[in-house]
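**Student:** Provided below are the primary sequence and the corresponding predicted coordinates.
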Amino acid sequence: MAGNTRGKLKEHFEGIHRNFDWILYHIIESLKLVGDKHKHLSTGIKAIGKAVEQLDKLAQKIYEKI
């Protein structure tokens, strides 16, 4: 466990990244369940996935600058 502010921030951003990985995992699993049966639902799930990917990239850029 980090003792300084920089180290603690890095730990938190690593946690953010891991959480985004889990969200993307669940997005993929949800798309498998929905398939092409419900186009609107599938579109919404994909949109969430794209948004999460963008947030993850932003978090990674911040992490790199810490």
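**Tutor:** Thanks, I have the structure now. Treat the numbers as computed from the prediction; the structure is a model and nothing was measured. Numbers count the residues shown, from 1 in each chain.

**Student:** any regions of the protein where pLDDT drops low?
**Tutor:** Under the criterion pLDDT under 70, the flagged ranges of the chain are 1-2.

**Student:** so for it, the centremost residue is which one?
**Tutor:** F20 (2.2 Å; C-alpha atoms, centre = their mean).

**Student:** which residue packs closest to that one, ignoring adjacent ones?
**Tutor:** In this structure, F20 finds its nearest non-sequential neighbour in D56, 4.0 Å apart by C-beta to C-beta, 6 or more residues apart in numbering. Bear in mind the C-beta positions are built from the backbone N, C-alpha and C, glycine included.

**Student:** does that neighbour belong to a helix or a strand, and which?
**Tutor:** Assessed by DSSP states H and E, D56 sits inside helix 39-65.

**Student:** ok now that helix, how far from the chain's centre?
**Tutor:** Centroid displacement of helix 39-65 relative to its chain, using C-alpha atoms, centre = their mean, to the nearest Å, is 6 Å.

**Student:** check which residues of it are buried.
**Tutor:** Buried residues in helix 39-65, counted by 16 or more other C-beta atoms under 10 Å: I45, G49, V52, D56, A59.

**Student:** and it, what other elements does it pack with?
**Tutor:** Other helices and strands packing on helix 39-65, by 3 or more C-beta pairs under 8 Å, 6 or more residues apart in numbering; DSSP states H and E, are helix 5-34.
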